[in-house]
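Peer 1: The following comprises the amino acid sequence and a computationally predicted model.
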Amino acid sequence: MAEPLLRLADLRKHYGGLAVTDGVSLDVMPGEIHAVIGPNGAGKTTLIHEITGLVAPDSGQVVFAGRDITRLSRPARVRAGLARTFQITNVVAGFSALENVALAAQARVGSSFRFFRAATSEVALNEAALAVLAEVGLADRATVLAGALSHGEKRALEMAAALATRPRLLLLDEPLAGAGPEETARLIALLTRLKAAYTILLVEHDMQAVFALADRISVLVYGRIIATGTVAEIRGNAEVRAAYLGEDDA
Ligand SMILES: Nc1ncnc2c1ncn2[C@@H]1O[C@H](COP(=O)(O)OP(=O)(O)OP(=O)(O)O)[C@@H](O)[C@H]1O
């Protein structure tokens, strides 16, 4: 069997008396979309933060591509191939779509913000940024200020910014949050396309989207994974249905 691209081993994080991550172990296999679902406050965002390095776990390990990255800095994790999008839309409104992507690409090579202007004039950087915009269907919106994009386009731009770092693993924190039905359909189509090229860890509340996209699902409840399995296994799991999925979802 292939080695997991990401392995979480017995991760634990307490805030005071609250065990927010309570011994989470999870493998993300190369090429899969692995969804993490769970009720509000289950600890999903904290788990993503522990993977990206924003929150340090009290104990346990984060192993990425065979390397223990538990204590690595956030930029070092990005350089190793971890990219994320945020739950709250996170683009620079006053920059064009192209500039936003170029800025993200620069983060990967570690150059500082003040070299930004010079760098965007580089033909190669612009071409690479354009290619990434095309990947998410925004090529014809390259010169539009990010602040003027629709909500769904901003989410796609966030994904482009993440892709610009040339990730091996894409962490998506609620990419469909706040999207209307049409935008949701478009974003699901985009994620389906990205699925062919990237390994993805997806945190998402929209169960129809999760069932349509995920290869495997892990269910997090009060900081613990209560089940991991295929869509069919999770939908048919009585404990999951009782703890989380309503009859409508299942
Ligand atoms: N820095 C912190 N200090 C104290 N408590 C925290 C902190 N961060 C998160 N928590 C608590 O940890 C629990 C899990 O929060 P987290 O945001 O990870 O859950 P979540 O599953 O992402 O929720 P949601 O689906 O609502 O986004 C919550 O009870 C939250 O109040």
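Peer 2: All right, it came through fine. Numbers count the residues shown, from 1 in each chain.
Peer 1: Let me see the mean pLDDT of whichever helix or strand residue 125 is part of.
Peer 2: Residue 125 is located in helix 123-135, with elements delineated by DSSP states H and E. When pLDDT is averaged along helix 123-135, the result is 86.
Peer 1: For that helix, enumerate the helices and strands it packs against.
Peer 2: helix 97-109, helix 151-163 (3 or more CB pairs under 8 Å, 6 or more residues apart in numbering; DSSP states H and E). C-beta coordinates here come from the backbone N, C-alpha and C atoms, glycine included.
Peer 1: run the last query once more with 10 Å
Peer 2: helix 97-109, helix 116-120, helix 151-163, helix 181-195 (3 or more CB pairs under 10 Å, 6 or more residues apart in numbering; DSSP states H and E).
Peer 1: hey, least reliable of those helices by pLDDT?
Peer 2: The bottom spot among those, by mean pLDDT, belongs to helix 116-120, with a mean of 52.
Peer 1: residue contacts, residue 136?
Peer 2: Residues near residue 136 by CB atoms under 10 Å, 6 or more residues apart in numbering: 97, 101, 153, 155-163, 187, 190, 193-194.
Peer 1: 8 Å instead?
Peer 2: 156-157, 159-160, 163, 190, 194 (CB atoms under 8 Å, 6 or more residues apart in numbering).
Peer 1: phi, psi of it?
Peer 2: Per-residue torsions, residue 136: phi -100, psi 10 (degrees, to the nearest 10).
Peer 1: Mind listing what's buried along stretch 55-70?
Peer 2: Buried residues in stretch 55-70, counted by 16 or more other CB atoms under 10 Å: 55, 57, 60, 62-65, 69-70.
Peer 1: ignore the last one, stretch 41-53
Peer 2: Going by neighbour count (16+ other CB under 10 Å), the buried part of stretch 41-53 is 42-53.
Peer 1: Could you do stretch 157-167 as well?
Peer 2: By neighbour count on 16+ other CB under 10 Å, the buried set for stretch 157-167 is 157-165, 167.
Peer 1: before we move on, back to that, can you add distance to residue 201 and give the helices and strands packed on helix 123-135 back as CSV?
Peer 2: As requested, those are exported to CSV (distance: least, CB to CB, whole Å):
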stretch, distance to residue 201
helix 97-109, 19
helix 116-120, 29
helix 151-163, 12
helix 181-195, 12
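Peer 1: Neighbours of residue 196, how many?
Peer 2: 7 (other CB atoms under 10 Å).
Peer 1: Just checking, which helix or strand of the protein averages the lowest pLDDT?
Peer 2: Sorting the helices and strands of the chain by mean pLDDT, DSSP states H and E puts helix 116-120 at the bottom, at a mean of 52.
Peer 1: what's residue 25 sitting at in phi/psi?
Peer 2: Main-chain torsions, residue 25, degrees, to the nearest 10: phi -120, psi 130.
Peer 1: count of neighbours near it?
Peer 2: Neighbour count of residue 25, defined by other CB under 10 Å: 14.
Peer 1: Surely it and residue 6 touch.
Peer 2: No: counting by CB atoms under 8 Å, residue 25 sits too far from residue 6 to count as a contact (11.5 Å).
Peer 1: what does the chain put close to the ligand?
Peer 2: Residues of the chain found near the ligand (CB under 6 Å from any ligand atom) are 15, 20, 38, 40-46.
Peer 1: farthest pair in the residues you listed?
Peer 2: 15 and 38 (17.0 Å; CB to CB).
Peer 1: which of these two has more neighbours?
Peer 2: Using other CB under 10 Å, the more surrounded residue of residue 15 and residue 38 is residue 38, with 23 against 10.
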